[in-house]
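[1] pasting the structure only:
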Ligand SMILES: C[S@@+](CC[C@H](N)C(=O)[O-])C[C@H]1O[C@@H](n2cnc3c(N)ncnc32)[C@H](O)[C@@H]1O
């Protein structure tokens with residue numbers, strides 16, 4: 001039986017709400033990330049519609065968590081156990097976002113009623129959510145936009161200032177539209193899907209619905225990729241028949257771009273499971289790459305004309321789409337990630353042809369995983385230089401170019417267009 005909440009005593013299958021609470025418990029209690037939970041089959045017992053609903057309910061709750069906790073605090077003498085808190089939080093968010101009070105309160109009570117340990121708290125859940133139903137929705141919008149947790153807010157405020165961080169938080173709360181990268185012609189993808197063209201050439205959909213039913217999915221005309229994430233491969237500008245290594249490739253968005261440009265691509269990733277997704281994506285789009293499952297630090301191929309190193313990182317630039325991340329993590333792993341990025345950069349340099357190009361990028365907002373890495377790499381390898389001219393591309397604001405010659409993208413940029421992921425990238429020439 002796949003993981004997930006146990007069916008209730010009357011054997012009715014677990015509902016979308018029960019599964020949303022299970023996701024919240026795992027994220028906040030066990031530090032697990034939503035993609036990892038989904039990949040391990042956490043929602044597999046649900047029908048596709050309920051699966052999407054459970055995920056949406058958990059995401060809405062995580063985005064609105066601080067607001068929900070503020071409202072709940074008024075009605076609770078002491079913080080309840082996490083599972084009970086999460087039922088209350090989910091109910092509060094649903095009520096404050098226009099949910100039907102009767103259905104939301106009843107279902108929350110049913111969720112706890114069969115629970116061995118906390119079943120006796122059903123009266124509390126009923127009473128608190130009734131009060132929230134009465135005064136929560138009016139109070140909700142007046143509450144501040146939820147702040148990032150301290151482990152992340154403090155270093156970001158130091159790097160960018162608190163006004164900028166407030167802009168990031170607005171973008172995180174708003175969530176992200178769906179961006180597509182076209183295999184060949186972006187305008188025809190925009191026309192077919194009803195999307196709009198972004199200044200950097202990605203196609204943006206604000207009401208996408210189910211991705212696999214969009215025109216051009218089956219024929220592999222495009223793939224999902226945030227506009228910011230599409231820029232490293234654009235800037236690397238792979239040429240037909242060039243030997244290009246994608247060193248941390250999965251799930252493969254950048255591999256597809258490199259292959260679509262006509263390069264001879266080697267795609268490598270440590271994770272076998274994630275590498276399967278690269279292969280599936282290549283198959284769907286009819287593109288090609290030699291796929292290797294292995295450790296980037298041990299790869300000895302090449303030498304390559306160009307290397308794209310999209311290094312593992314804190315992923316703090318993707319919170320618009322991954323509301324679970326700030327709640328599942330506490331920053332403890334960042335020191336190890338910084339050391340790994342540095343080792344990968346140094347190893348990648350040894351695989352380049354003389355005069356070759358290395359694109360280093362991370363989907364992180366932390367300068368330690370971006371600007372500082374490149375500044376230090378330039379100091380360690382005096383023959384390298386950062387290619388600023390390569391950043392002079394349509395849609396890129398020169399103000400986004402950093403002192404050491406990289407490009408800093410932030411979630412508060414393009415606010416009127418729907419934002420972008422936080423990303424850092426620099427093109428280094430050997
Ligand atoms: C940011 S993701 C890459 C995203 C990918 N470039 C894309 O555009 O779809 C980082 C990847 O690094 C991989 N990774 C982590 N450690 C690695 C290692 N030592 N060697 C190779 N890949 C590694 C992870 O499995 C993960 O897929």
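    Sure thing, it's come through. Values in this document were obtained by computation on a predicted structure and should not be read as measured data. Residues are numbered from 1 along each chain as shown.
[2] Just the pLDDT for the residue nearest to the spatial centre of the chain.
    Centroid-nearest residue in the chain: residue 318, 3.8 Å away (criterion: Cα atoms, centre = their mean). As predicted, residue 318 sits at a pLDDT of 98.
[3] Could I get the average pLDDT for the lengthiest helix in the chain?
    For the chain, the helix with the greatest residue count under DSSP state H is helix 122-140. The average of the pLDDT scores along helix 122-140 is 97.
[4] go on, stretch 267-276?
    Here the average pLDDT along stretch 267-276 is 97.
[5] wait, is residue 361 part of a strand?
    Yes: under DSSP: H, G, I helix; E, B strand; the rest coil, residue 361 sits within a strand.
[6] Got phi/psi on residue 269?
    Main-chain dihedrals, residue 269, degrees, to the nearest 10: phi -150, psi 150.
[7] If you could redo that for residue 225, that was the one I meant.
    For residue 225, the backbone dihedrals (degrees, to the nearest 10) come out as phi -160, psi 120.
[8] what does the one 4 residues further on give?
    Note on residue 229: backbone dihedrals following degrees, to the nearest 10 are phi -70, psi -20.
[9] For it, list the residues it contacts.
    Contact partners of residue 229, counting by Cβ atoms under 8 Å, 6 or more residues apart in numbering, are 253-254, 363, 421, 423. The way it works is simple: take the backbone N, C-alpha and C, and place the C-beta from them, glycine included.
[10] what two of those residues have the greatest distance between them?
    254 and 421 (13.4 Å; Cβ to Cβ).
[11] shouldn't the residue nearest to the centre of the chain be in contact with residue 419?
    No: Residue 318 lies out of contact with residue 419 (Cβ atoms under 8 Å); the separation is 11.5 Å.
[12] by contact count, what packs against the longest helix of the chain?
    Secondary-structure packing of helix 122-140 (3 or more Cβ pairs under 8 Å, 6 or more residues apart in numbering; DSSP states H and E): helix 65-73, helix 82-96, helix 101-113.
[13] Domain-wise, how is this structure divided?
    What automatic domain parsing lists as the domains of the chain is 16-140, 178-429.
[14] which residue ranges form the strands in this protein?
    178-182, 196-197, 203-205, 222-224, 243-246, 264-269, 290-293, 304-310, 352-362, 385-386, 407-409, 423-429 (DSSP state E).
[15] which bits of the stretch 201-350 of the chain sit near the ligand?
    Taking Cβ under 6 Å from any ligand atom as the test, the list of the stretch 201-350 of the chain residues beside the ligand reads 248-254, 268-271, 274, 295-297, 310, 312.
[16] Nearest to the ligand: which residue in the stretch 301-430 of the chain?
    residue 310 (3.5 Å; Cβ to the nearest ligand atom).
[17] and that residue, what does it touch?
    Residue 310 is in contact with 232, 246-249, 254, 361-363, counting by Cβ under 8 Å, 6+ apart.
[18] go on, residue 360?
    Contact analysis of residue 360 by Cβ under 8 Å, 6+ apart lists 309, 311, 345, 348, 373-374, 377, 425-426, 428.
[19] Check residue 61 too.
    20, 24, 68, 86, 89-90, 93.
[20] rerun that using 6 Å as the cut-off
    89-90, 93 (Cβ atoms under 6 Å, 6 or more residues apart in numbering).
[21] again, but for residue 206
    Contacts of residue 206 (Cβ under 6 Å, 6+ apart): residue 177.
[22] same thing with residue 181?
    Per Cβ under 6 Å, 6+ apart, neighbours of residue 181: 202, 223, 225, 230.
[23] how much space is there between the residue nearest to it when sequence neighbours are not counted and residue 183?
    Excluding its sequence neighbours, the residue lying closest to residue 181 (Cβ to Cβ, 6 or more residues apart in numbering) is residue 225, at 4.4 Å. For residue 225, the distance to residue 183 equals 11 Å [Cβ to Cβ, to the nearest Å].
[24] And residue 401, by the same measure?
    Distance, residue 401 to residue 183, by Cβ to Cβ: 29 Å.
[25] out of the two, which sits in the more crowded spot?
    Neighbours were counted for residue 401 and for residue 183 using other Cβ atoms under 10 Å; residue 183 has more, 20 against 17.
[26] In this structure the more buried one contacts residue 262, no?
    No: assessed by Cβ atoms under 6 Å, residue 183 is found out of contact with residue 262, at 11.8 Å.
[27] returning to that earlier point: just send the domains of the chain back as JSON lines, with distance to residue 154 too.
    Conversion of the domains of the chain to JSON lines gives the following (distance: least, Cβ to Cβ, whole Å):
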{"stretch": "domain 16-140", "distance to residue 154": "16"}
{"stretch": "domain 178-429", "distance to residue 154": "9"}
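[28] Which stretch among those domains approaches residue 146 most closely?
    Residue 146 lies closest to domain 16-140 among those, at 3.8 Å (Cβ to Cβ).
[29] near the ligand at all, that closest one?
    No: Domain 16-140 does not reach the ligand (Cβ under 6 Å from any ligand atom); its nearest approach is 10.7 Å.
[30] Distance across that domain, terminal residue to terminal residue?
    For domain 16-140, the first-to-last residue distance is 24 Å (Cα to Cα, to the nearest Å).
[31] chain center to that domain, what's the gap?
    22 Å (Cα atoms, centre = their mean, to the nearest Å).
[32] next one: stretch 281-298
    Distance, centroid of stretch 281-298 to centroid of chain: 21 Å (Cα atoms, centre = their mean).
[33] give me every residue that touches residue 95.
    Residue 95 neighbours (Cβ under 6 Å, 6+ apart): 104, 132-133, 136.
[34] Please read the previous query as pertaining to residue 109.
    Neighbouring residues of residue 109 by Cβ under 6 Å, 6+ apart: 122, 125-126.
[35] From the ligand, how far out is it?
    According to Cβ to the nearest ligand atom, to the nearest Å, residue 109 and the ligand sit 42 Å apart.
[36] for the closest residue to residue 284 other than its chain neighbours, what are its contacts?
    Nearest in space to residue 284, with sequence neighbours left out and distances taken as Cβ to Cβ, 6+ apart, is residue 220 at 4.4 Å. Listed by Cβ under 6 Å, 6+ apart, the contact set of residue 220 reads 284-286.
[37] Mark which of those are buried, thanks.
    284-285 (16 or more other Cβ atoms under 10 Å).
[38] tell me which of the contacts of residue 220 is nearest to residue 394?
    residue 285 (23.6 Å).
[39] Please name the spatially closest residue to the closest one (chain neighbours excluded).
    Once flanking residues are discounted, residue 285 sits nearest to residue 220: 3.6 Å by Cβ to Cβ, 6+ apart.
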